[in-house]
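sequence first, then the predicted structure:
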2 protein chains.
Amino acid sequence: MAAEETRFSEAYAMTGGDGPNSYAKNSAYQRGVTDAAKEPLKKAIAEKLDINILLSSNTFHIADLGCSVGPNTFFVVNNILESVQSKYQSKGPNSQIPEFQVFFNDHITNDFNMLFKSLPQNRQYYAAGVPGSFYGRIFPNASIHFVHSSFTNHWLSRVPKDVVDQNCPAWNKGKIHYSNSTDEVMRAFEAQFSEDIECFLHARAQEIVNGGLMVLTIAGRPDGTPHSHASANVTFQLLGSCLMDMARKGVVSEDKIDAFNMPMYYMSPQELEAAVELNGCFRIEGMEVLPDVSTLNVTETAPSIVLHIRAATEGLFKQQFGEEILDELFDLYCKNLVEQHYIFKSTKAINFLAVLKRKAN
Amino acid sequence: MAAEETRFSEAYAMTGGDGPNSYAKNSAYQRGVTDAAKEPLKKAIAEKLDINILLSSNTFHIADLGCSVGPNTFFVVNNILESVQSKYQSKGPNSQIPEFQVFFNDHITNDFNMLFKSLPQNRQYYAAGVPGSFYGRIFPNASIHFVHSSFTNHWLSRVPKDVVDQNCPAWNKGKIHYSNSTDEVMRAFEAQFSEDIECFLHARAQEIVNGGLMVLTIAGRPDGTPHSHASANVTFQLLGSCLMDMARKGVVSEDKIDAFNMPMYYMSPQELEAAVELNGCFRIEGMEVLPDVSTLNVTETAPSIVLHIRAATEGLFKQQFGEEILDELFDLYCKNLVEQHYIFKSTKAINFLAVLKRKAN
């Protein structure tokens, strides 16, 4: 396990605490998607969960991967728990409802203290926090009955090494992401994504019991949409140009920008299907594009969009450029977002939900 | 579970972080006892653990209750894990060594962030943090194979209400602990202890699998030693007199002292035996007084004794009297400890280890 942790040590957690820039205060968008995913999630459990997977133990183990600090994770866990309870109840008045143990997972740098303090008082489960990257093993063999993860799989385990190495053809000079970059950069990111999703599925295949379910809510791009037209990528393109503006003013070193990239990749449903096929341990039980929850008028909602993006990403910028540039960067980003809103005209984004079942060995 | 948490909400965690007054830097005494307990712990596992308790699952679940932030908990867990592995290995080359999942438990206010960051890189187990008071339920039914707890059972779940209520005969005016107090105060503490140890054993009886082991290292007093002669109690008596000195100087309000008591009780081996008998679910497999690890010369070691006591208790004093009095309180305590070292002449203390096995239902 040690090797895994070192390997994935580049990953970052959402902004902790409960201050004005915290993830806890700026995750309403994720909450919106969580709400949109509620019914599909309940339906997946009602229709696809085999309650005989419990075997001899009477505890149902749920894991939320990349849970951050709440409150979204608590809403989701509650949905899952109630749906599983209903499923057991539907077997008749004599069916025994299991106890529940919920494992809240996130990076070792996540603010678990805040997560634990926010645990609902009236919860119907035993809670545990599990630190570590989900690209490695975090649970014993065949110990989890239901895995959930929302808005986490677009985080790569690391920035591909080559894109920040000036001696490599894939060096991504003057940019912080792969959209609008060279083919070499694009291929480096695609290779990293392939490796990561393979690690993710391989680890989960060992941890989830035969017949267990995994429901992933994924921020991605529609099938056939080139990376350069994915909304999130254009967002990072704009953030990168803000950094370059600041470099021209001497506020930020251009070398530091050249040595920095966002470790994110927005997959398409087809890419996920291909990875599941390659892994071979899961069957896709359902795949569904969620209704769009974002507001279309960028000029009106720019400040809240910025707060949302800042809560999820400022850790990355802070580490590379220092805390002192954060306010200026995100202020400039907000200004440019309003002025250049037209660049989002032809971009596309989707959130989709995938229901995977662990095949019997 | 919610009710339990509210009920036990008065409990405090050790001082977090890794500063000069932190528990992490000032738990060498506990480390000494951990070392003294190492061999008895290994012996208990070698002789008393039934490896057939794993049943269908191949994961061995260990819980360390009141783990604080490390590093002691990691040493103990390692001892346990190696001993259990040896036990399985001793069954011959074909015996399957289980995987291990370790649950690190402490109060919700414990510094789990630091605990997680300190997890050994080369550990051979899956780690999880479990927040909550061990006087209530923290794990599912029959889910734990081995429970360990060291230096935790002298912490009561709360100060008995009556001793801080000026309308009660058990009001403990001008004192912060029950030693040298009235019979009413003593009885109130004894009643709280009885209730707490009953809750502790009752919760563990549900959580530990049949045949599972619980090893407790307890800071206590020898059988037959009155509370007023227990070393820890005299320590608190002296701390109380320091507070009263500060009250006379106007630094601390006397009302606040009257409304404050230390939630601690030092049990004797006989008291534990009686509680186990009353609970009925455990068999005592061993009970052993550990060698004394404290140095006798108080004057030479006073500063380190003070740091140790401060790391474990300053949270209590901070909450009641404010952070600003802490340095003065512990400086005065150090001075008085040296001057009045003779009051410890006739006091007694023991650390003892109890090995309990969960009886089959």
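Arrived safely.

for the residue of the stretch 151-300 of chain A at minimum distance from chain B, which non-adjacent residue is closest in space?
Of all residues in the stretch 151-300 of chain A, residue A:207 sits closest to chain B, at 9.3 Å by Cβ to the nearest Cβ. For the C-beta atoms, the positions are set from N, CA and C on the backbone; glycine is no exception. Distance criterion Cβ to Cβ, 6 or more residues apart in numbering or on different chains; nearest residue to residue A:207, sequence neighbours excluded, is residue A:139 at 4.2 Å.

what does the stretch 101-250 of chain A put close to chain B?
Proximity of the stretch 101-250 of chain A to chain B (Cβ under 8 Å from any Cβ of the partner chain) is limited to residues A:101, A:103, A:108-109, A:111-113, A:116-117, A:119, A:121-132, A:137-143.

recalculate using a threshold of 10 Å.
For the stretch 101-250 of chain A, the contact set with chain B under Cβ under 10 Å from any Cβ of the partner chain comprises A:101, A:103-132, A:137-143, A:207.

which ones among those are found in helices?
Among these, the residues falling in helices (DSSP state H) are A:112-118, A:207.

how about these, which pair is most distant?
Between any two of these, the greatest separation by Cβ to Cβ is 27.3 Å, found for A:117 and A:207.

and these two? Which one has more around it.
A count of neighbours by other Cβ atoms under 10 Å in any protein chain shown puts residue A:207 above the other of residue A:117 and residue A:207, at 23 against 14.

these two touch, right, the more buried one and residue A:138?
Yes: taking Cβ atoms under 10 Å as the definition, residue A:207 is a contact partner of residue A:138 at 7.4 Å.

got any residues that touch both of those two?
Residues touching both residue A:207 and residue A:138 (Cβ atoms under 10 Å, 6 or more residues apart in numbering or on different chains) are A:63, A:144, B:126.

which helix or strand contains the residue sitting nearest the centre point of chain A?
Residue closest to the mean C-alpha point of chain A, counted by Cα atoms, centre = their mean, is residue A:152 at 1.1 Å. Residue A:152 is part of no helix or strand, with elements assigned from DSSP states H and E.

so who does it touch?
Shown in contact with residue A:152 (Cβ under 10 Å, 6+ apart): A:64-68, A:105-106, A:134, A:200, A:216-219.

farthest pair within the residues you listed?
Taking Cβ to Cβ as the measure, the contacts of residue A:152 span a maximum distance of 18.3 Å, between A:105 and A:219.

now do the helices in the stretch 201-350 of chain A.
When secondary structure is read from DSSP state H, counting those that start in this stretch, the stretch 201-350 of chain A shows helices at A:231-248, A:254-258, A:269-279, A:298-321, A:326-339.

buried residues of the fourth one, list them for me.
By that I understand helix A:298-321. A:298, A:302, A:305-317, A:320-321 (16 or more other Cβ atoms under 10 Å in any protein chain shown).

tell me the angle it makes with helix A:326-339.
150 degrees (axes from the mean of the first three to the mean of the last three Cα atoms, to 10 degrees).

for chain B, see how far away residue A:327 is.
Computed as Cβ to the nearest Cβ, to the nearest Å, the residue A:327 to chain B distance reads 25 Å.

low-confidence stretches in the stretch 151-300 of chain A?
A:293-300 (pLDDT under 70).

if you set the cut-off to 90 instead, what comes out?
Within the stretch 151-300 of chain A, the ranges that satisfy pLDDT under 90 run A:179-180, A:228, A:230-235, A:291-300.

so where do the strands sit in it?
A:208-220, A:282-289 (DSSP state E, counting those that start in this stretch).

show me what the longest one pairs with in its sheet, parallel or antiparallel.
Taking DSSP bridges as the criterion, strand A:208-220 pairs within the sheet with strand A:144-150 (parallel), strand A:350-358 (antiparallel).

and the ones you listed as JSON lines, adding mean pLDDT and mean neighbour count?
Formatted as JSON lines, these follow (pLDDT from 0 to 100; neighbours: other Cβ atoms under 10 Å in any protein chain shown):
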{"stretch": "strand A:144-150", "mean pLDDT": "97", "mean neighbour count": "25"}
{"stretch": "strand A:350-358", "mean pLDDT": "96", "mean neighbour count": "23"}
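
returning to that earlier point: I'd like the contacts of residue A:152 laid out as JSON lines, including distance to residue A:79.
Formatted as JSON lines, the contacts of residue A:152 follow (distance: Cβ to Cβ, whole Å):
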{"residue": "A:64", "distance to residue A:79": "11"}
{"residue": "A:65", "distance to residue A:79": "16"}
{"residue": "A:66", "distance to residue A:79": "17"}
{"residue": "A:67", "distance to residue A:79": "14"}
{"residue": "A:68", "distance to residue A:79": "17"}
{"residue": "A:105", "distance to residue A:79": "18"}
{"residue": "A:106", "distance to residue A:79": "19"}
{"residue": "A:134", "distance to residue A:79": "20"}
{"residue": "A:200", "distance to residue A:79": "22"}
{"residue": "A:216", "distance to residue A:79": "15"}
{"residue": "A:217", "distance to residue A:79": "12"}
{"residue": "A:218", "distance to residue A:79": "17"}
{"residue": "A:219", "distance to residue A:79": "19"}
